[in-house]
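1. no FASTA, just this:
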Ligand code: HMG
Ligand code: MG
């Protein structure tokens, strides 16, 4: 197949479904993940081993992770906030972990009840466990451009948090426009700064699409050499602790956009559309 490869990390089962008011059944989540795997997504963030008191939509994390049949070439990851989550995720069969930090102190507090520095302390045992089990860890930098509580975030703050995550041993850094309000010029400024510390092959971009700017932001990141992007099937998504955050950029729009630009994703569009159909029934009334 022609074209340079762009990797898509499908986060719909986690970032998408964590924000739906309606709690989707475990069986329906498993059907969705199966359809995504059949469509060719090779990295799927399947669930979050977070506190069910904080995010009840992810309370069935154990059953979801254990319910997905292993498939060659498919990596299933789990979002974890601390050692407790990491232990449970590994026991349930997660093949990759993702920790989540923030470039905004206020968002760190609202989302995880701790400061940015405290979150790094919590991640240390997560990275140690992952090393013991031979798993790689992705580190998110939420609010890398905009914060629902602090507004504009300095690019230097996104770089500093990225450096902390790399120093802890994260193999990949995912900079996130958590509330989907970032503009291409601000994304470009943030990436210019973060790329002084993070090798481009280790950088992923995670855009939400509240302002309809996600694909323009993808273009900016492609121009800077980024080749890993997150998206959620059906444009599901948001964060319960980020008021105003709408869905992630839709996988079906991202795949078509990236392929039109001459890259390949190895995702089968017709099979992907079957997964899109399933998400329609998940939407909160
Ligand atoms: P806390 O209340 O400060 O924690 O929450 P704690 O250590 O005091 O524990 C309180 C209770 O939670 C205890 O249970 C623990 O056992 C339990 P109790 O004794 O009360 O019965 N607990 C857990 N249960 C299950 N799994 C765990 C776990 N840890 C503790 N791992 C904590 C701190 C971090 C746990 C909490 O704030 C939390 O779970 N936050 C998660 C919030 C979240 O999931 N937000 C959405 C994901 S982030 C996001 O969407 C952004 C992203 O998409 C990128 C972007 O767009 O920016 C990644
Ligand atoms: Mg997100």
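-> Alright, I've got the coordinates. Owing to the predicted nature of the structure, the values given are computational and were not obtained by experimental measurement. Numbering: from 1, shown residues only. Ligands and ions are numbered 1, 2, ... in the order given.

2. which helices and strands does the longest helix anywhere in the chain pack with?
-> Using DSSP state H to define each element, the chain has its longest helix at helix 116-133. Using 3 or more Cβ pairs under 8 Å, 6 or more residues apart in numbering; DSSP states H and E as the contact test, the elements touching helix 116-133 are helix 83-92, strand 96-102, helix 105-112, strand 136-142, helix 155-168. Backbone N, C-alpha and C define where each C-beta goes, glycine included.

3. what angle separates that helix from helix 83-92?
-> On the basis of axes from the mean of the first three to the mean of the last three Cα atoms, to 10 degrees, helix 116-133 is oriented at 30 degrees to helix 83-92.

4. quick one: the helix-or-strand element of the chain with minimal mean pLDDT to chain centroid distance?
-> Ranked by mean pLDDT, DSSP states H and E, the weakest helix or strand in the chain is helix 269-280, scoring a mean of 94. In terms of Cα atoms, centre = their mean, to the nearest Å, the centre of helix 269-280 is set 19 Å apart from its chain centre.

5. and that helix, what other elements does it pack with?
-> So helix 269-280, by 3+ Cβ pairs under 8 Å, 6+ apart, packs with helix 26-39, helix 251-260.

6. so which of the ones you listed comes closest to ligand 1?
-> helix 251-260 (14.7 Å; Cβ to the nearest ligand atom).

7. Pull the contacting residues for residue 92.
-> The contact partners of residue 92, by Cβ atoms under 8 Å, 6 or more residues apart in numbering, come to 49, 61, 62, 65, 66, 78.

8. picking that back up, export the helices and strands packed on helix 269-280 to a markdown table and tack on mean neighbour count, mean pLDDT and distance to residue 202?
-> Converted to a markdown table, the helices and strands packed on helix 269-280 look like this (neighbours: other Cβ atoms under 10 Å; pLDDT from 0 to 100; distance: least, Cβ to Cβ, whole Å):
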| stretch | mean neighbour count | mean pLDDT | distance to residue 202 |
| --- | --- | --- | --- |
| helix 26-39 | 19 | 98 | 24 |
| helix 251-260 | 20 | 97 | 19 |
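
9. which stretch among those comes nearest residue 104?
-> When the helices and strands packed on helix 269-280 are compared by Cβ to Cβ, helix 251-260 sits nearest residue 104, at 25.2 Å.
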